[in-house]
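Student: Build me a structure from this.
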Amino acid sequence: MRVNLLPRPSWGRRHFFLGLLLVILWLAGFVSAVFWLFLLQEERISEARSRLERLEPVEREVRKQVREREAFMKEHGPALAYVKAVDRLDRERLKWDEAISALEASLPPSATVFDLQVKGNRLDGKGAFHTVDDVAFFTQMMEKSESITSFSVDSIGKSETDPSLEVKPKKAWIVRFHLTVDKPAQKGDQP
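Tutor: All right, here's what the predicted structure looks like:
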């Protein structure tokens, strides 16, 4: 029978090669994971490069168009800005030409208007009419007009009551009236 009187080797000495093998396997796994990530990144980079190569002609064309547009805007920009401003002001202006045309069309042949004053979208004025029937006709025609939002007669009187007025005939009816026109459409209101 053999008796071993030597102390038992420590755990680290007994399993040294097993531990060394685990460390080597762990390092090999880490290196292979890093290598796999490197290959994955290389693949993505090559895909990105191929996409860039496909997009290069498009980019050149776009840059060329941008240079042409910048040159055009440098040369014609102020004129285009002016046209744009005029168009914007034209859209925002009140429709006074339509309102004045409706006013002239509604007047009887013997009547005249004078002392027209505009404030905002309201027009105040006076008219000289030969008869009260002419006044009634004028009022009806103005109320039917589509280009005028509202129309009202403020007062009716004889021209004799105001000597400062020089109208013919001297016994004409003087009508003070006002009308309003639609305000221009705002940016959000346009279709």
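Student: Is Asp78 within a helix or a strand, and which one?
Tutor: That one is not Asp; residue 78 is Pro. Assigned by DSSP states H and E, Pro78 falls within helix 16-92.
Student: Contacts made by the following helix or strand past that helix with the rest, please.
Tutor: Going down the chain from helix 16-92, the next helix or strand is helix 96-106, by DSSP H and E. If you take Cβ atoms under 8 Å, 6 or more residues apart in numbering as the criterion, helix 96-106 is touched by 113, 118, 123, 125, 138, 141-142, 145, 147-148, 179, 181. (Glycine included, C-beta is placed from N, CA and C.)
Student: Now render those residues as JSON lines, adding pLDDT, neighbour count and distance to Ser46.
Tutor: Output for the contacts of helix 96-106, formatted as JSON lines (pLDDT from 0 to 100; neighbours: other Cβ atoms under 10 Å; distance: Cβ to Cβ, whole Å):
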{"residue": "Val113", "pLDDT": "84", "neighbour count": "18", "distance to Ser46": "82"}
{"residue": "Val118", "pLDDT": "82", "neighbour count": "14", "distance to Ser46": "72"}
{"residue": "Leu123", "pLDDT": "85", "neighbour count": "21", "distance to Ser46": "74"}
{"residue": "Gly125", "pLDDT": "88", "neighbour count": "17", "distance to Ser46": "80"}
{"residue": "Phe138", "pLDDT": "86", "neighbour count": "22", "distance to Ser46": "84"}
{"residue": "Met141", "pLDDT": "86", "neighbour count": "16", "distance to Ser46": "81"}
{"residue": "Met142", "pLDDT": "84", "neighbour count": "21", "distance to Ser46": "79"}
{"residue": "Ser145", "pLDDT": "81", "neighbour count": "17", "distance to Ser46": "74"}
{"residue": "Ser147", "pLDDT": "76", "neighbour count": "16", "distance to Ser46": "69"}
{"residue": "Ile148", "pLDDT": "81", "neighbour count": "20", "distance to Ser46": "72"}
{"residue": "Leu179", "pLDDT": "86", "neighbour count": "21", "distance to Ser46": "75"}
{"residue": "Val181", "pLDDT": "81", "neighbour count": "21", "distance to Ser46": "68"}
